[in-house]
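Participant: here's my sequence, what's the structure:
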Amino acid sequence: MARSRRGECRPQRGLRACDRALDPEGEPPIGAQLLMPRCVYTHHGIYVGRGRVVHYRGFSRGLHRGPIEEVSLLQFARGRAIWIRVENSTWADREEVVRRARLRLGENSYRLLTNNCEHFCEWCISGQSRSYQVDALRERWRRAWLGLGEQLIRRFAWS
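Facilitator: Residues are numbered from 1 along each chain as shown. From the prediction side, this is the model:
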């Protein structure tokens, strides 16, 4: 959790109550899902050991999409704090998470709404390609459209 100016804890975008900040001197567990909150989204990667992370580069370095790549923990962090998602994987063996991550190295099919870094990490960990950030965004859009529709109906129903 981040601290506000007054010092109280508040949730950061894309983080869950179970997520923990990585000790800058520590090393994540093999197969851990790493998170980096950014301004409007949270970037995800899989720790594969020996200071290396596999992630979908996506748009992280500009407007051109990048592939799934293996980089150093320092390159992944790019000077930001790293968080660890502390949830159990459906895979009993964390090495299986690493194997799945490396299986897709070089893939270059990034799609913001259907195949992003979170989709990739969730697939590595659970076998299900999913982005909770995209799900939340779609829900906000749905509510906004429903609200707009209700306003239009109220406005024109009595005309």
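
Participant: end to end, how far does stretch 98-114 reach?
Facilitator: In stretch 98-114, first residue to last residue: 22 Å (CA to CA, to the nearest Å).

Participant: what residues does stretch 17-26 touch?
Facilitator: Contacts to stretch 17-26, defined as CB atoms under 8 Å, 6 or more residues apart in numbering, come from residues 11, 28, 34-35, 81-87. Using the backbone N, CA and C atoms, a C-beta is placed for each residue, glycine as well.

Participant: my bad, stretch 111-121
Facilitator: Contacts for stretch 111-121 (CB under 8 Å, 6+ apart): 33, 42-46, 55-56, 58-59, 68, 101, 104, 109-110, 129-134.

Participant: now, those that are in helices?
Facilitator: When DSSP state H is applied, the contacts of stretch 111-121 are split such that 101, 132-134 fall in helices.

Participant: out of those residues, who's the most crowded?
Facilitator: residue 101 (24 neighbours; other CB atoms under 10 Å).
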